[in-house]
Structures are given as structure tokens and as C-alpha cells.
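A.B. asks: Sharing a model prediction with you, sequence too.
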2 protein chains.
Amino acid sequence: MRDAVAGCVRNQIQWIAAWRHKLTDIAAEEAGRIIADAGLRVSSLCRGGYFPAASAAERQKRIGDNHRAVDQAAALGTDVLVLVCGPSPDRDIDGARRMVEEGIAATAPYAKERGIRLGIEPLHPMFAGDRSVIVTLGQAIDLAAKFSPEEVGVIIDVYHVWWDPQLYAQIARAQGRILGFHVNDWLSPPPDVLMGRGMMGDGSIELRRIRQAVDDAGYAGPVEVEIFNQALWDSDGDQVCRLIKQRFVECC
Amino acid sequence: MRDAVAGCVRNQIQWIAAWRHKLTDIAAEEAGRIIADAGLRVSSLCRGGYFPAASAAERQKRIGDNHRAVDQAAALGTDVLVLVCGPSPDRDIDGARRMVEEGIAATAPYAKERGIRLGIEPLHPMFAGDRSVIVTLGQAIDLAAKFSPEEVGVIIDVYHVWWDPQLYAQIARAQGRILGFHVNDWLSPPPDVLMGRGMMGDGSIELRRIRQAVDDAGYAGPVEVEIFNQALWDSDGDQVCRLIKQRFVECC
């Protein structure tokens, strides 16, 4: 966390997003202090979610974990907790979708009291079996619409939604609910299901068109660059930051 | 082809589907004769399509290739040519979708004269960058609906559509347009983007529910088992045929 914050400062990047599994060795309060002391702001904490489970007891445990994630988001100093909703414990995908709704209903009031909004992130359908039964922006908006905009919104990641024939209609429909926007690129064919994302400009996504649509839908918050790619992760951090800034200006 | 036909006969499988790239070493007429002489029927020929291209000349060439595919389908003795519509030559995915429509419009009359219907197969969105800009059943139906049901329909492959929140509504809507139904399974997480399909029963798909919906939509044609999986392809053919039949009865 200290290294990442220092790298952002060196490269004039003013926002940072945190992943929860990276907070294990540093308390959320301390991470929040490090970030604030450096003059950075936190765009979101990723991730809550993973609501569906085979037993009611396990589902209750997951809700408890989401409450802890809300507390960590508040301690970090962000107002957005990103939800990766989770896979189904069995083949009943629609049943799992109902469990997601129940999990959000049991988390949203707790989050609202602490000033945290929940951002439902639809994942690419190739993750339907192991990460999220919420797979389209339209479906995420339908789900968010069961709650107030002060409680629940959506996260738009170009990697997850770029293929959707309904994309631009759904981005327009998301107005007032967009809590985050993530950029990267889709390499064709993808070199890996999970770790095959590309740098903006290296792939197939119409980044500027999507970004314009998100702008037109009224989103004026920070944009997260989120690239799961081991080669990039193994590269020099400052070089990656410079390339990100260059490509962001050129492509997004 | 001779081996595959003999294996079907030994295992009391009465239909076979052909892939076009396997016809390179045996003329379509001869393949059709081998199949008919064995008492089998041909469910479909796969594949036409791949319509989008950067230049008008290249698109015209693709249409010519689709006309040849229609001729091969007729020679084989099937009345269905499966369309894998192709990727975009650049980042303009909606432009590529218009090229698909133009390509189908230029192929459908030729096909109709020869008794061949075109089946648009929506592919999983993870193939949007390299194989098909048509990625949902709803989108495939919208496209097919621009033509008569005698000319153009849709192919439903569980692997490509199982994740879709609109799946059952769209299957019902496909009534009168369903030209083929493919089964297999989705392994979670997928071991490979292209070759990671599983045997029915080994994965996450609600096969019987989808099959029932396809039945309810009036489809009474043959069901193709289509499993891209190298380990399975390397196994003994007769054993695979027996396992397919067993799992088909148990799971579909």
C-alpha cells in the first residue's frame, strides 16, 4: 500500500482504489491514513458480494462479511463498496440471483448508515460459473433499481460490458446510478480467462465511445484503470503509471 | 468422415452434423453419399458466416464463400447451414453487425433457392473479439426477424447462452425460428476459452430446464452434442459415444 501510494504521488495520480485482500497486512484505518496523508483520495473498495451459498447459515455469514467490508470502506475514506456478486452454489442460477438480492437488501441499510453506497459490478458472462451471476449492465440496473440511488448503484467496467448489443441503451438508463467506471482493454483472442486483460489501446474495445456515453449519463467521478495482467504486474511500477496516463489520454 | 459415420452406426446414433473444414479431403457429395448409405441424416453443416471485413471486395469474397457453403450443405443432404457470423475487422462492433446483416441478405435468397435455411448461432460474449459480433439469442432473433422464417432462423447452443438473464424469454420468442439445439456443459472455471467445454452433467448449466424451454418453443428437430475438448477428442470414439448417450438421457 505504501509503495502504491508513493507511486501515485510520483506520477501525479490523485485517486487510488483498494482491494480488500491487500488490506490483510495493514488495517483499513492505517491504509486510509497513509492515503490521506499523501493527499490521495480513494475511489472505491473492492470487493463485497459473494452472497449466494448453499445454506442459510453460510449466507448469513457472507452478509456479516459484507458488513465488515462496509466498515473497511468507511475506514479507508471511500463512499463506494464494489460488489462482485458471486456464483451459484449449484446449477440454479436464478435462485442464486435471488440470494444476491437478499444479500444486498441485508447490507444496504447498514452501509447507508455509514455513508457507503453499494456498486453492483456486472461481470463478463464468462465469469457466470465462478464469480458472478450478475452478468449484464441491464440486469445490474434492474437489481439496483429495487433500492434507492443513495444506497445501491452500478459499476461499469468496459471489459465486462463492451460486447453487449444493449450497452449504450443501458448506460443511458444507468443515469444517476453510476458509482464507478473502469477502463482497460479486451485482447482478441483473450490470452487468459482471468488474467488476459490488456492496456487501453491494445485491444478491441471502443473506449472513447463508451467513455463518452458514461460522461453523457452524468458520471463525473474518478475513472479506475483495472488491468489483470501478470506481465504488466511484473513490470516497473513507474513505467506502468506513465504508460497508463499516456494511453488514458490517447484512448479514453 | 467414414470413421465418424461408422461410429454413429455402431452406437445407434441416427444423425450427424458436419464441419466444413473436415470436408476438405472429401467432397461434399461423396460425404453425403457415405452418410446416406449408412442410413444417417445430417442435422446441419457448420459453418458459414464470417461476413465482416475491412474492404467491400473482401466482403464480397466472403459472400461467395457462403454461397459455396450453401452448395455444400445441399450436397451433404441437410437443410441447415449454421452461421458463425465473424468478428469485426476493427473496433467498430456495430458497423460489423451491419456487415453481418448485409452478408445474410446477400446469402439468404441463394440459400432459399437450394432449400437451405441459415441458422444464426449467437456465440458466447467471450468470442465477441475473434469469432462473432452476434452474442445473445435476443440479438440473433432480432437479426433473423429481418428475414422470413423459411430463410433465416437461430441455433441455440447452451454453452453460448446459459448465462443470459433473458434466456427463457428469448427461447420462447424464438418459436418458429429454432433451426438447431446444441448441448454440452460449462465447466467452472473454464479450463480454456475455446477448448474448455465439458460433457453434459459435468458443469454448471441447467440442461434439462433449457431443453424443456426449447421443446416448449416447438423445436422437434435433432439435438447436436458439440463438445470442444481435446481430452475428449483424444479418447476412444465408441466410449465417448456411449458416455454421450448416457449423459444425454440423464441430464438433457
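C.D. replies: Received it, and whenever you're ready, just let me know what you need.

A.B. asks: and A:Gly153, that's in a strand?
C.D. replies: Yes - according to DSSP: H, G, I helix; E, B strand; the rest coil, A:Gly153 belongs to a strand.

A.B. asks: Show the contacting residues for it.
C.D. replies: A:117-120, A:144, A:174, A:177-179 (Cβ atoms under 8 Å, 6 or more residues apart in numbering or on different chains). From N, CA and C alone the C-beta is placed, and that goes for glycine too.

A.B. asks: And for A:Phe248?
C.D. replies: A:Phe248 neighbours (Cβ under 8 Å, 6+ apart): A:183, A:200, A:223, A:225.

A.B. asks: In these, find the pair that's most separated.
C.D. replies: Farthest apart among these by Cβ to Cβ are A:Met200 and A:Val223. That separation is 10.4 Å.

A.B. asks: So if I had to pick from these two, which one is more boxed in?
C.D. replies: Taking neighbours as other Cβ atoms under 10 Å in any protein chain shown, A:Met200 and A:Val223 compare with A:Met200 leading, 24 against 16.

A.B. asks: what about the residue nearest to A:Phe147 when sequence neighbours are not counted, which helix or strand?
C.D. replies: Spatial nearest neighbour of A:Phe147, chain neighbours left out: A:Ala108 (5.4 Å); criterion: Cβ to Cβ, 6 or more residues apart in numbering or on different chains. Per DSSP states H and E: A:Ala108 is located in helix A:93-113.

A.B. asks: returning to that earlier point: which among the contacts of A:Phe248 gets closest to A:Arg10?
C.D. replies: Of the contacts of A:Phe248, the one sitting nearest to A:Arg10 (Cβ to Cβ) turns out to be A:Val225, at 16.0 Å.

A.B. asks: which one is that closest one nearest to, not counting chain neighbours?
C.D. replies: Nearest residue to A:Val225, sequence neighbours excluded (Cβ to Cβ, 6+ apart): A:Ile244, at 5.1 Å.

A.B. asks: and what of A:Ile156?
C.D. replies: The shortest distance from A:Ile156 to any non-neighbouring residue, by Cβ to Cβ, 6+ apart, is to A:Phe181 (5.2 Å).

A.B. asks: Repeat that for A:Leu232.
C.D. replies: A:Val240 (6.0 Å).

A.B. asks: give me every residue that touches the nearest residue to A:Trp15 once chain neighbours are set aside.
C.D. replies: Take A:Trp15 and drop its neighbours on the chain: the residue closest to it by Cβ to Cβ, 6+ apart is A:Pro222, 4.2 Å away. Residues near A:Pro222 by Cβ under 8 Å, 6+ apart: A:15, A:41, A:43, A:180.

A.B. asks: most neighbours, which of the residues you listed?
C.D. replies: A:Gly180 (25 neighbours).

A.B. asks: Show me the strands paired with the stretch of helix or strand that residue belongs to, marking each as parallel or antiparallel.
C.D. replies: Assigned by DSSP H and E, A:Gly180 belongs to strand A:178-183. Counting by DSSP bridges, the strands paired with strand A:178-183 are strand A:152-157 (parallel), strand A:223-225 (parallel).

A.B. asks: Beyond that strand, next helix or strand please.
C.D. replies: strand A:185-186.

A.B. asks: who are the neighbours in contact with A:Met83?
C.D. replies: Quick fix: residue A:83 reads Leu, not Met. For A:Leu83, the contact set (Cβ under 8 Å, 6+ apart) comprises A:47-49, A:104, A:118-121, A:155.

A.B. asks: taking those one by one, which sit in helices?
C.D. replies: A:Ile104 (DSSP state H).

A.B. asks: which one of the contacts of A:Leu83 is nearest A:Gly138?
C.D. replies: A:Gly138 lies nearest to A:Ile120 out of the contacts of A:Leu83, by Cβ to Cβ, at 11.6 Å.

A.B. asks: ok, how many other residues are close to the closest one?
C.D. replies: For A:Ile120, using other Cβ under 10 Å, the count is 27.

A.B. asks: The nearest residue to it once chain neighbours are set aside: how many residues sit nearby?
C.D. replies: If the residues on either side of it in the chain are set aside, A:Ile120 comes closest to A:Ala140, at 4.5 Å by Cβ to Cβ, 6+ apart. Neighbour count for A:Ala140, taken as other Cβ under 10 Å: 30.

A.B. asks: The stretch 51-200 of chain A against chain B: which residues are in contact?
C.D. replies: A:87-88, A:91-93, A:97, A:124-130, A:135-136, A:138-139, A:162-165, A:186-190, A:193-194 (Cβ under 8 Å from any Cβ of the partner chain).

A.B. asks: Buried ones among these?
C.D. replies: A:87-88, A:91, A:93, A:97, A:124-130, A:135-136, A:138-139, A:162-165, A:186-188, A:190, A:193 (16 or more other Cβ atoms under 10 Å in any protein chain shown).

A.B. asks: the strands in chain A, which residues?
C.D. replies: Taking DSSP state E as the test, the strands found in chain A are A:15-19, A:41-49, A:80-84, A:117-120, A:152-157, A:178-183, A:185-186, A:197-198, A:223-225.

A.B. asks: so where is the stretch 101-250 of chain A shaky, pLDDT-wise?
C.D. replies: Along the stretch 101-250 of chain A, no part satisfies pLDDT under 70.

A.B. asks: all helices of it, in order?
C.D. replies: For the stretch 101-250 of chain A, the helices defined by DSSP state H, counting those that start in this stretch cover A:137-144, A:158-161, A:167-173, A:207-216, A:230-233, A:237-251.
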